[in-house]
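*Asks:* Quick one: sequence and predicted model below, then my questions.
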Amino acid sequence: MRIASLFEQKKTVFSFEVFPPKKTSSIDTIYATLEELQGLNPDFISVTYGAGGNTGDHITCDIASVIKNKYNILPLAHLTCINDTREDIEVVLDRLEQNGIKNILALRGDINPNIPPKKEFKHASELIAFIKQRGGFHISGACYPEGHVDSDSLVDDILNLKKKVDAGAEHLISQLFFDNNYFYSFVERARIAGINVPIEAGIMPVVNKAQIERMVTLCGASLPSKFVKMIQRFEHSPEALRDAGIAYAVDQIVDLISQGVDGIHLYTMNNPYIAKRISESISGLIQA
Ligand code: FAD
């Protein structure tokens, strides 16, 4: 099934992201997470991909395969290209095809100063064109409500996003954000630029201070003052911060659904408890 076709339903699409366990953790930890996420009835679950350029590591494909075959949920396999050759990418695509995984989130990947890029793919749009030419897959792409950190301007970023869609991306998932106004302005710019594919809002519930510091360093998301006050007020009380983080995410989602967002993509951080609390709070809204 094409992920883009999910947006033809009347309801708001609701999906999750999980990541493969670290090499030091057992693979079983992700299966326990998936077991619990299954009960929350997501429209699809995406699985991240390590951008290390190690094609011997097929964990994303293996987890996506379990999501499809054991849990009967539509999987979306992430795939980065900056550290890979065309041959490397072919190996991953072959394996995805053999496992019946049809939906790929095609990404450039972050540039790691310690790993010289392979240069065959400079941008996600080139990976999208490559997959499209091979055929057999439906392709999604990433987008950035506040602009990508490498971009000189929001306008350039939107023009580059249009190249991704023109190359074949049928659906977009946004980077996390904590101020919905950035998302609304971004969607408006995208529509003016002729980007007409569904755009899902990426929501990350904040559950601890270290997590937020890491995320903001990585993606540069702006922090509204009410969000900063929330962190400052509860930073030494983990349960209170967790509850406040869940409430903040629910508040963002209620506003997004009220404004007619195409879909909500929840960055679960492999934490089913948080995904469950959020899903339960918004289940009536998703269906309305
Ligand atoms: P691109 O679309 O290539 O954009 C990167 C930069 O290049 C932007 O500044 C863009 O404006 C510019 N650009 C794009 N095309 C052109 C062009 N033709 N000419 C000039 N400039 C151009 N990373 C992982 O390693 N693994 C994951 O699983 C993963 N999942 C993600 C999921 C989502 C929803 C998001 C939002 C990000 C994810 N990332 C992941 C992070 C992502 O890899 C980084 O943000 C990366 O730096 C950019 O990837 P991209 O696909 O958006 O790149």
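*Replies:* Ah, there it is. Note that the structure is a prediction, hence the values are computed from the model and not measured.
*Asks:* Pull the distance from stretch 87-96 to the chain's centre.
*Replies:* Averaging C-alpha positions (CA atoms, centre = their mean, to the nearest Å) puts stretch 87-96 21 Å from its chain's average.
*Asks:* and if you look at stretch 215-235?
*Replies:* 20 Å.
*Asks:* So for it, mean pLDDT?
*Replies:* Confidence for stretch 215-235, expressed as mean pLDDT, is 90.
*Asks:* Tell me the span between the first and last residue of that stretch.
*Replies:* From its first residue to its last, stretch 215-235 covers 16 Å (CA to CA, to the nearest Å).
*Asks:* mind listing what's buried in that stretch?
*Replies:* 215, 219, 221, 227, 230, 231, 234 (16 or more other CB atoms under 10 Å). Using the backbone N, CA and C atoms, a C-beta is placed for each residue, glycine as well.
*Asks:* quick one: contacts of the lowest-mean-pLDDT helix or strand in the chain?
*Replies:* Lowest mean confidence among the helices and strands of the chain (mean pLDDT, DSSP states H and E): helix 209-219, at a mean of 83. For helix 209-219, contacts defined as CB atoms under 8 Å, 6 or more residues apart in numbering pick out 110, 144, 149, 175-176, 204, 206, 221, 223, 231, 235, 241, 269.
*Asks:* Does the ligand have contacts with that helix?
*Replies:* No. Helix 209-219 lies apart from the ligand when judged by CB under 6 Å from any ligand atom; the minimum separation is 7.0 Å.
*Asks:* which parts of the stretch 51-200 of the chain sit against the ligand?
*Replies:* So the stretch 51-200 of the chain meets the ligand at 51, 78, 80, 105, 107-110, 123-125, 142, 148, 150-151, 156-157, 160, 163-164, 173, 175 (CB under 6 Å from any ligand atom).
*Asks:* picking up where we left off before, export the contacts of helix 209-219 as JSON lines, with columns for secondary structure.
*Replies:* Output for the contacts of helix 209-219, formatted as JSON lines (DSSP: H, G, I helix; E, B strand; the rest coil):
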{"residue": "110", "secondary structure": "coil"}
{"residue": "144", "secondary structure": "coil"}
{"residue": "149", "secondary structure": "coil"}
{"residue": "175", "secondary structure": "coil"}
{"residue": "176", "secondary structure": "coil"}
{"residue": "204", "secondary structure": "coil"}
{"residue": "206", "secondary structure": "coil"}
{"residue": "221", "secondary structure": "coil"}
{"residue": "223", "secondary structure": "coil"}
{"residue": "231", "secondary structure": "helix"}
{"residue": "235", "secondary structure": "coil"}
{"residue": "241", "secondary structure": "helix"}
{"residue": "269", "secondary structure": "coil"}
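*Asks:* if we take the residues you listed, which one ends up nearest to residue 189?
*Replies:* residue 144 (11.2 Å; CB to CB).
*Asks:* Let me see the contact set for the closest residue to the closest one other than its chain neighbours.
*Replies:* In space, and not counting its chain neighbours, residue 144 is closest to residue 175: 4.7 Å by CB to CB, 6 or more residues apart in numbering. Going by CB under 8 Å, 6+ apart, residue 175 touches 142, 143, 144, 145, 146, 148, 202, 219, 221.
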